[in-house]
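Trainee: quick check, what structure comes out for this input:
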Amino acid sequence: MSIRAVVWDVDDTLFDYTTADRVGMSGHLAAEGLLDGYDSVDQAIARWREITDRQWARFSAGEATFQGQRRDRVRVFLGDGTVSDADADAWFERYIGHYETAWALFPDVLPVLDALAASHRHAVLSNSSIHVQDRKLRVLGVYDRFEVILCAAELGVSKPAAGAFLAACDALELAPHQVAYVGDHPEIDGQGADAAGLLSVWIDRGGAYATVAPPVGPRRIASLAELPAILGADTRFGAPSTFG
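Mentor: Residues are numbered from 1 along each chain as shown. So this is what the prediction gives:
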């Protein structure tokens, strides 16, 4: 097996989305005076994430536009279906302002990108939109590390559909068996990439899915430090897998 390129998920793989979302939403809800209706900040954030997951699933299924799912997240969270598009957009943008202050890469990202820079090509495949991920990668200082950036909103197909992964392979002009995909979700990323014929590497940071039975197919790692060894990269960087 000769892997010539690595295609990356972004959120909770390269970028610490979970922490940024928590910090950003906590600040936003406090500024909006919306915490009084909850027993704790954790309860409010849990509800926001539940709504986000539900609306994102609608977007992934083609039942809502990218902007539409954002607006619906706001309306459902506020419990007010009469909120106008303009007001929902403004509310979401205020949240984004808080969220962006907490943006950060995981500490293992730059070392592995540096280690693999000479041996592998790199691309991004995200279930978000180019508008969102283009800006994020630029702010985080890694935009120029990737020769291709593809997102579901513009592709018209979302992970775990094989078409999304194959679109990334086509953009790189490589066969699926020449491409590795690295993502944090066991089904959307792990099983999806494996079913599409890519070398699937599932990063389970901090054992977030410790209670989940490992999906059949993907290689499971706890840190990106383990990736060069899996790829057989000729680098001095790498670590043995912490998973059996």
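Trainee: for the rest of this, base every contact and every neighbour count on C-alpha atoms.
Mentor: OK.
Trainee: for this protein, which segments count as helices?
Mentor: With helices called from DSSP state H, the chain shows them at 17-32, 41-60, 66-78, 85-100, 109-116, 130-139, 152-155, 162-172, 192-195, 227-231.
Trainee: for those helices, which one ends up most surrounded?
Mentor: helix 192-195 (a mean of 24; mean count of other C-alpha atoms under 10 Å).
Trainee: low-scoring stretches of this protein, by residue?
Mentor: 1, 208-214, 233-244 (pLDDT under 70).
Trainee: got the domain ranges for it?
Mentor: 5-16+104-231, 17-100 (automatic domain parsing).
Trainee: how near is the closest residue to S158 other than its chain neighbours to P111?
Mentor: Using C-alpha to C-alpha, 6 or more residues apart in numbering and skipping residues adjacent in sequence, the residue nearest S158 is A152, 4.9 Å away. Separation of A152 from P111 (C-alpha to C-alpha, to the nearest Å) stands at 27 Å.
Trainee: cool, and L78?
Mentor: For L78 relative to P111 (C-alpha to C-alpha), the value is 41 Å.
Trainee: how deep is the residue nearest to F59 when sequence neighbours are not counted tucked in, by neighbour count?
Mentor: Nearest in space to F59, with sequence neighbours left out and distances taken as C-alpha to C-alpha, 6+ apart, is T65 at 5.9 Å. By the criterion of other C-alpha atoms under 10 Å, T65 has 15 neighbours.
Trainee: the most centrally placed residue in the chain: what's it in contact with?
Mentor: By C-alpha atoms, centre = their mean, the chain has its centre lying nearest to D11, at 2.6 Å. For D11, the contacting residues are Y17, S126, by C-alpha atoms under 8 Å, 6 or more residues apart in numbering.
Trainee: can you name the residues bridging to it?
Mentor: Residues in a beta bridge with D11, per DSSP bridges, are F15.
Trainee: do you know how far the closest residue to S26 other than its chain neighbours is from D16?
Mentor: Nearest non-adjacent residue to S26, counting by C-alpha to C-alpha, 6+ apart: V41, 6.6 Å away. From V41 over to D16 the distance is 19 Å, taken as C-alpha to C-alpha.
Trainee: try G183
Mentor: Counting by C-alpha to C-alpha, the gap from G183 to D16 is 13 Å.
Trainee: repeat for G192
Mentor: 22 Å.
Trainee: related to what we said a few turns ago, more neighbours, G183 and D16?
Mentor: Legend: neighbour count by other C-alpha under 10 Å for G183 and D16, higher for G183 (25 against 17).
Trainee: quick check, that one in contact with D189.
Mentor: Yes: if you go by C-alpha atoms under 8 Å, G183 and D189 touch, sitting 5.2 Å apart.
Trainee: between these two, what contacts are shared?
Mentor: D9, W202.
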